[in-house]
Structures are given as structure tokens and as C-alpha cells.
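Asks: structure for the following, please:
(one chain, ligands or ions: 1)
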Amino acid sequence: MSLFFKPVISPQWSFPVLLKIGVRSYAGGPRTKHKGNSPLASVPTGSSNKNRKQKAKGKKGNKKNDPDQAFNFGEYGGLKKDVEMNMDSTNKLIQKISNFDQLLILPPVRDAVKEIISKESLKLQDSRKKTSENIIPSPIQTVAIKRISKNLMDPKLQIHAIAAETGSGKTMAYLIPLIDYLKRQELETPELWETLRKNVLIRSIILVPTHELVDQVYETVSKTKTLLGLNSFKWDKATSYRDLLENIKNRIDILVTTPGKLLNLFSIRMITRPDKVLSKVGFVVLDEADTLLDRSWLEETHSAIKRIPNINHLIFCSATIPQEFNKTMQRLFPTVVPIMTPRLHKLPFALDFKVINSALSPFKGSKIKALAQTLYAISNDDTEPGFEKRCIIFVNEKKNVPEIVNLLNKKFGHNAIGLTGEDTFEERSEKIMPFLSPPRPLSEVVAQSTSPPTSLKKFEIPDSNIVIGKLKNTNSNGTAPSNKSLHVLVTTDLMARGLNFKGVRNVVLYDVPKTSIDLIHRVGRTARMKQGGRVFMLTDSKTKSWAKALPKIIKKHQRLS
Ligand SMILES: Nc1ncnc2c1ncn2[C@@H]1O[C@H](COP(=O)(O)OP(=O)(O)OP(=O)(O)O)[C@@H](O)[C@H]1O
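Replies: This next block holds a predicted model:
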């Protein structure tokens with residue numbers, strides 16, 4: 001069956017709208033139960049900012065009577081909206097399934113993935129009962145595995161789109177069906193696959209947009225070697241052609257790479273029949289699919305998929321469904337079956353969200369002062385006892401990164417590093433590593449600096465609603481403990497997608513993100529898989545009104561659009 005279709009509008013690909021106007025600010029609060037299909041107030045697609053503001057203003061008057069008001073967020077928007085979705089069956093499924101044993105997965109595969117999750121999940125590492133028997137599927141894993149496994153070995157082309165909130169375990173939601181598929185193939189025709197073991201071929205491909213993500217996904221995938229005998233390989237910037245050729249000779253079961261690298265297969269002289277190498281690829285995943293199909297990537301990604309002739313399963317995976325992505329899917333893959341969870345386009349459940357208005361005294365419009373003081377409060381509160389603290393700061397423009405880092409370090413005595421696309425791949429890997437690894441116990445951390453504590457003595461964030469836990473005692477001389485024990489990474493959207501920053505509990509949005517899409521991804525670097533996390537968003541006189549509704553949106557567990 002051909003992969004590509006005439007443009008048609010697919011009724012299957014639809015998402016809800018829940019646009020709200022909220023109150024000033026607040027974080028946390030009681031959890032409200034998901035109410036299923038609430039009647040959704042919609043804003044017409046393509047309406048201008050001015051129109052939206054007018055609508056919002058008009059609705060403000062009816063605040064008491066109309067709880068579903070439009071939510072204006074900066075130059076916000078971009079997420080799929082205007083359409084209701086039916087989550088009833090999904091909710092029932094999630095409630096019914098509480099165990100991996102209830103899902104159609106080969107027992108050795110099930111045991112292996114439980115083992116992998118128990119080793120990787122910080123949530124379980126925290127727990128004293130760290131055993132693979134305690135692993136239960138996350139909602140998106142339940143729904144994806146249930147739906148995809150139904151016709152897993154049916155040879156006709158099947159296209160699914162997995163969409164769920166950040167940090168909800170989407171990697172395993174596509175990886176489990178993929179591994180199950182490969183192992184079932186081997187069970188169905190063992191001789192064939194044994195013969196093919198020494199052949200130059202690839203069986204499945206996971207495409208991601210960045211080399212950091214290649215490394216991250218490969219780290220998980222590679223564990224299937226000892227547990228299930230699957231041969232995986234990552235092809236990233238550091239991979240030599242020699243390495244690739246060595247590995248491809250012995251059948252690559254799972255290749256993790258970028259679309260650009262995959263297309264390179266067709267320009268390697270030593271590989272005479274790249275089409276043949278790809279002829280046995282039955283399972284293809286596009287992780288961070290909305291990025292891979294956005295304007296700057298579409299051509300390359302599309303060409304890469306078109307070069308794979310016999311796809312059986314094509315899976316798109318993403319935490320956000322931007323309108324543009326939705327249209328591209330309708331145009332290129334109209335038979336796609338969406339698999340979503342009720343929390344799609346909502347911010348993480350365990351998130352504590354705080355807005356800091358830098359226009360107020362004592363910052364008087366200085367965002368850098370507000371930032372420095374926020375970091376100071378984080379480093380000196382009583383959270384994460386016994387462990388080093390990490391904080392990621394997102395800015396909108398990469399040109400601002402060096403100056404912010406410089407001021408934080410030189411003027412305010414912090415311990416910050418900057419990371420942008422200007423860094424080489426090696427520099428990026430080195431800088432990001434301490435943030436991707438789990439937090440180290442303070443007893444293991446070698447003192448990074450012997451510099452004296454800074455002279456800043458105020459810990460609280462004045463004129464804000466912020467309570468950052470109890471502050472540690474000051475030293476006997478009245479100064480605060482050093483703020484060097486907080487490791488700070490200042491970066492851009494480049495590091496906002498897909499990266500599993502293990503146990504990073506603090507994110508600062510130095511700039512108000514321009515779209516809901518950016519907001520969801522940046523915020524989603526913390527509070528992953530129901531772990532606690534805090535986000536501090538700095539606003540100024542220009543942006544304060546854009547952001548004011550967010551805390552309420554989060555408190556009420558409402559969807560962004
Ligand atoms: N069933 C599970 N139980 C507990 N932890 C899990 C489970 N599945 C995955 N995890 C852990 O949850 C964390 C987040 O998973 P993952 O990176 O797959 O999230 P994601 O949904 O892809 O996030 P993003 O949208 O940011 O890409 C990982 O550390 C992973 O090991």
C-alpha cells in the first residue's frame with residue numbers, strides 16, 4: 001500500500017479547545033478530577049491577537065456565568081483546537097488496566113521493559129520498594145499498547161499518532177509495541193531471522209530531531225541487547241561510517257537516528273544497495289513528530305520516510321499537536337489513528353507554578369535581579385535535602401544567553417553555564433550531562449567552589465506570591481549559605497524538547513514563551529512522571545498580562561490552546 005495520499009480532511013484527527021481567562025496568580029492547589037468532555041468554548045482559527053483580546057474582554061464581563069473563557073497567552077496559540085474529542089473509552093481503559101500483565105505483550109518483552117523502566121525511572125529509584133514488580137503502565141502506555149497490539153502483526157500499513165503530556169512515558173509507549181513486533185516476527189519465522197542475522201539490513205527505525213535525543217533514546221533501547229538479544233545502533237554526529245558499516249553487517253534490529261543521517265545512507269559509497277538495506281524495515285517511529293514535520297524539517301523527514309519501502313507500522317509521537325502539524329498530518333497521512341490521553345495539552349500534574357513580576361519593587365523592571373534572587377531563594381530553601389540542586393533557565397533568544405550567564409556568575413555569584421546552538425556537539429554533550437543524570441547526593445559532590453558566600457541577604461521574593469519552602473539557617477556570621485551548590489543551565493528552546501532531565505526540580509522561564517507550544521515543552525522539563533517540580537516565570541510590564549491566567553489554568557488542570 002502506498003504511504004502517501006491525496007489531501008483529504010480526516011475527521012479522526014481532532015482535539016479539544018478549552019480557552020480560559022483566569023485570575024492573577026497562584027500555584028499548586030487541590031487536584032480536580034478530569035471531567036471528560038466538557039463543553040468547550042472555542043476561538044475561531046486564525047483570528048488576530050486584537051480580536052482575541054476583544055473577545056476575552058467581552059467575556060470578562062460574564063465571568064461569573066461563563067467559566068470557559070478564552071485564555072490569552074502572549075503571542076499565544078498554535079495548538080490544535082476548535083474540536084471536541086471523546087475520551088470516554090480512553091478513560092475507561094485507563095481505569096480498567098492497572099498492570100502490564102493485562103496488556104497483550106509477549107512475556108519476555110514485558111519482563112524486559114519492566115526491568116528497564118525500574119532501572120531508569122527516578123520515581124522508582126526514590127522508592128524503597130524499587131522492583132520491576134511495582135511497575136505499572138502509564139496512561140499513554142496503556143492506551144497505545146492496547147490499540148497498537150490489536151493488529152500488531154497484520155501486514156497492512158498502520159499509522160498511529162501518540163500524543164500525551166510531557167514526561168508521561170511516551171518513549172515506552174511506542175518502544176514496547178516496537179520490541180514486541182520484532183520479537184513476534186522472530187517467533188513466527190525463526191529460521192528466516194536466524195539466517196538474516198548476518199545480513200546487511202535494518203529492521204526498525206526511530207527518528208528524532210536532535211543528536212541529544214538520539215543519545216537519550218538509544219540509552220534506553222540499547223538495554224534490549226542483554227535482555228532480549230536485540231541489536232541496536234545509534235547513528236549520530238559522533239558516529240563514523242566505519243562504525244556504521246561494522247554494525248549494519250550484523251543486522252541492526254533498532255536504529256536510532258535523525259532524518260538527515262538516514263538520508264546519508266544513500267550517499268555512502270560502500271553501501272551499494274541502500275534500498276535493500278531498508279527493505280526489511282517494518283516499524284518506523286517519528287519521536288517529536290511535530291518538530292520533524294514542521295516547515296524547516298518536513299522535506300527532509302518526508303524524503304526519509306519515502307525511502308523506506310515496506311513500512312508496516314508508522315508511529316508519530318508528540319507532546320503537542322500544533323495546528324500546522326495537524327494540517328500536515330491531514331494532508332500526508334489522512335488514515336492516521338490518534339491515540340491520546342485526557343491530559344494532552346495540560347501542564348504536568350505535580351507542577352508548582354509561580355509568576356514573578358519583575359516590574360514591581362524591589363526589582364523595578366530588572367529581570368536579571370529578579371532571576372538572581374529567585375535562584376538565590378531556590379539554592380537556599382529546604383527542598384531536595386541531601387542532594388545537589390539543578391535549575392534550567394529558558395530564554396527566547398540565544399543571543400541573550402552569554403550575557404545572562406555572565407551577570408549571574410560575575411555579579412550575583414551563581415554557578416551558571418550557557419548552552420546554545422553555537423556550541424559544538426561535544427560541548428553540548430558535556431554541558432548537558434550533569435542535568436540529564438540523576439541528582440547526586442551532596443556527600444558525593446566535590447566542592448565546586450571555595451568562594452565565600454555572596455553578600456545577598458534577602459531570601460524572600462518580595463511583592464510576589466512566592467513561598468519557596470523554609471530557608472536554611474544562615475551562617476553564624478549572618479550571611480547565607482553559598483549559592484554555588486545550585487547548578488544552573490541557561491539555554492533556549494533547543495533543549496526544551498523530549499530531553500528527560502532526570503530529577504531537575506526547578507525551571508525558570510526568564511522570558512514568557514511566545515506560544516503555548518513552547519510553554520508546554522519548556523515547563524515539561526520538570527515535574528516529569530508525577531515527580532514534583534517548580535516553574536518560576538518572570539514577567540515584566542509588557543508580558544505580565546499575558547501570563548496572569550496561567551496559575552489558575554494549572555490549578556484547575558485546564559488545557560492550553
Ligand atoms: N510505567 C512507568 N512507570 C514509572 N516511570 C516510567 C514509566 N514509563 C516511563 N517512565 C519514566 O518516566 C520518565 C519520562 O518518560 P519519557 O521520557 O518517555 O517521557 P515523554 O512522555 O517522552 O516526555 P517528553 O514529552 O518530554 O518527550 C523516564 O524517566 C522514564 O524512565
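Asks: get me the contact residues on the stretch 301-450 of the chain for the ligand.
Replies: Contact residues, the stretch 301-450 of the chain versus the ligand (C-beta under 6 Å from any ligand atom): A319. Heads up, the C-betas are built off the backbone N, CA and C, glycines and all.
Asks: where do the helices sit along the stretch 301-450 of the chain?
Replies: Assigned by DSSP state H, counting those that start in this stretch, the helices in the stretch 301-450 of the chain fall at 323-332, 367-380, 401-406, 425-436.
Asks: please identify the most buried of those.
Replies: Highest mean neighbour count among these (mean count of other C-beta atoms under 10 Å): helix 367-380, with a mean of 23.
Asks: so for that helix, mean pLDDT?
Replies: Helix 367-380 comes out with an average pLDDT of 93.
Asks: with just CA atoms, put it into CSV.
Replies: Output of helix 367-380 as CSV, limited to C-alpha atoms (Å, rounded to 0.1, in the frame of the first residue of the first chain):
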residue,chain,number,x,y,z
LYS,A,367,14.6,40.9,35.2
ILE,A,368,18.1,39.8,35.9
LYS,A,369,17.8,40.9,39.5
ALA,A,370,14.5,39.0,39.8
LEU,A,371,16.2,36.0,38.3
ALA,A,372,19.3,36.2,40.6
GLN,A,373,17.1,36.5,43.6
THR,A,374,14.9,33.6,42.5
LEU,A,375,17.9,31.4,42.1
TYR,A,376,19.2,32.5,45.4
ALA,A,377,16.0,31.5,47.1
ILE,A,378,16.0,28.2,45.3
SER,A,379,19.5,27.4,46.4
ASN,A,380,18.8,28.2,50.0
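Asks: just checking, what packs against it?
Replies: In terms of contacts (3 or more C-beta pairs under 8 Å, 6 or more residues apart in numbering; DSSP states H and E), helix 367-380 is packed against strand 389-394, strand 486-491, strand 506-509, strand 533-539.
Asks: now do the same contact list for the residue in the stretch 251-400 of the chain that the ligand sits nearest to.
Replies: Across the stretch 251-400 of the chain, no residue is closer to the ligand than A319, which sits at 3.6 Å (C-beta to the nearest ligand atom). Counting by C-beta atoms under 8 Å, 6 or more residues apart in numbering, A319 makes contact with A163, A164, E165, T166, S168, K170, I520, H521, G524.
Asks: the most centrally placed residue in the chain: what secondary structure?
Replies: Relative to the mean C-alpha position of the chain, the nearest C-alpha, by C-alpha atoms, centre = their mean, is the one of G498, at 3.5 Å. Here G498 is recorded as coil under DSSP: H, G, I helix; E, B strand; the rest coil.
Asks: quick check: the gap between it and I97.
Replies: When C-beta to C-beta, to the nearest Å is the yardstick, G498 and I97 sit 25 Å from each other.
Asks: and stretch 180-187, C-alpha only, in CSV?
Replies: The C-alpha atoms that make up stretch 180-187 are tabulated as CSV, following Å, rounded to 0.1, in the frame of the first residue of the first chain:
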residue,chain,number,x,y,z
ASP,A,180,7.0,-6.8,20.7
TYR,A,181,6.7,-6.6,16.9
LEU,A,182,10.4,-7.6,16.4
LYS,A,183,10.2,-10.5,18.8
ARG,A,184,6.9,-11.8,17.4
GLN,A,185,8.5,-11.7,13.9
GLU,A,186,11.3,-13.9,15.2
LEU,A,187,8.8,-16.3,16.8
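Asks: any chance you could list what contacts it?
Replies: Against stretch 180-187 from outside (C-beta under 8 Å, 6+ apart): 105-106, 108-109, 149, 152-153, 193, 203-204, 228, 230, 253-254, 282-283, 312-313.
Asks: I'd say N247 and F233 touch.
Replies: Yes: using C-beta atoms under 8 Å, N247 is in contact with F233, at 4.7 Å.
Asks: next up, the contacts around the residue lying closest to F363 once chain neighbours are set aside.
Replies: Take F363 and drop its neighbours on the chain: the residue closest to it by C-beta to C-beta, 6 or more residues apart in numbering is A370, 4.3 Å away. A370 is in contact with I356, S358, F363, I461, L538, counting by C-beta under 8 Å, 6+ apart.
Asks: repeat for E422
Replies: E422 makes contact with K398, according to C-beta under 8 Å, 6+ apart.
Asks: I'd like the next helix or strand past the longest helix anywhere in the chain.
Replies: With secondary structure taken from DSSP state H, the chain has its longest helix at helix 170-188. Downstream of helix 170-188, the first helix or strand assigned by DSSP states H and E is helix 190-195.
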